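Undergrad: dropping a prediction and its sequence here:
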Amino acid sequence: MIISWLGRMHRNVSPVEHVARQFFYSVNDARLWENEPETTKEYFRQCARKAIAFQKQQGMGRNPSK
């Protein structure tokens, strides 16, 4: 779940940036995020925004153990 990743991310990285990087590395494991052009990063950020919004809409971000 995307939302569950957010609790483990580095505090200086936004949730969108964190998810975008995870999406990027899932398809580009041999390349570095830091070396990518801004257009590529923005594509993955947009995917991350959509995924986070969808997950929240579906109620998947709730943690039932709390």
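TA: Cool, got the structure. Quick caveat: nothing in here was measured; it's all calculated off a predicted structure.
Undergrad: contacts, neighbours, all on C-alpha from now
TA: Will do.
Undergrad: just the CA trace of the strand or helix carrying Phe54, in CSV.
TA: Assigned by DSSP states H and E, Phe54 belongs to helix 38-57. The C-alpha trace of helix 38-57 is given here as CSV (Å, rounded to 0.1, in the frame of the first residue of the first chain):
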residue,chain,number,x,y,z
GLU,A,38,12.9,17.1,-14.8
THR,A,39,10.3,16.0,-17.4
THR,A,40,10.8,12.3,-16.4
LYS,A,41,10.6,13.2,-12.7
GLU,A,42,7.4,15.1,-13.3
TYR,A,43,5.8,12.2,-15.1
PHE,A,44,6.4,9.9,-12.1
ARG,A,45,5.3,12.6,-9.7
GLN,A,46,2.0,12.9,-11.6
CYS,A,47,1.6,9.1,-11.4
ALA,A,48,2.3,9.3,-7.7
ARG,A,49,-0.3,12.0,-7.2
LYS,A,50,-2.9,10.0,-9.0
ALA,A,51,-2.1,6.8,-7.1
ILE,A,52,-2.2,8.6,-3.7
ALA,A,53,-5.5,10.2,-4.5
PHE,A,54,-7.0,7.0,-5.7
GLN,A,55,-5.8,5.1,-2.6
LYS,A,56,-7.3,7.8,-0.3
GLN,A,57,-10.5,7.8,-2.2
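Undergrad: mind listing what's buried in it?
TA: Lys41, Phe44, Arg45, Cys47, Ala48, Arg49, Ala51, Ile52, Gln55 (16 or more other CA atoms under 10 Å).
Undergrad: same list (those) but as CSV, adding distance to Ala30 and pLDDT.
TA: CSV is the format used below for those (distance: CA to CA, whole Å; pLDDT from 0 to 100):
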residue, distance to Ala30, pLDDT
Lys41, 16, 97
Phe44, 16, 97
Arg45, 19, 97
Cys47, 20, 97
Ala48, 20, 97
Arg49, 24, 97
Ala51, 24, 95
Ile52, 25, 93
Gln55, 28, 91
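Undergrad: quick revisit: run through the neighbouring helices and strands of the helix holding Phe54.
TA: Judged by 3 or more CA pairs under 8 Å, 6 or more residues apart in numbering; DSSP states H and E, the packing partners of helix 38-57 are helix 2-6, helix 15-27.
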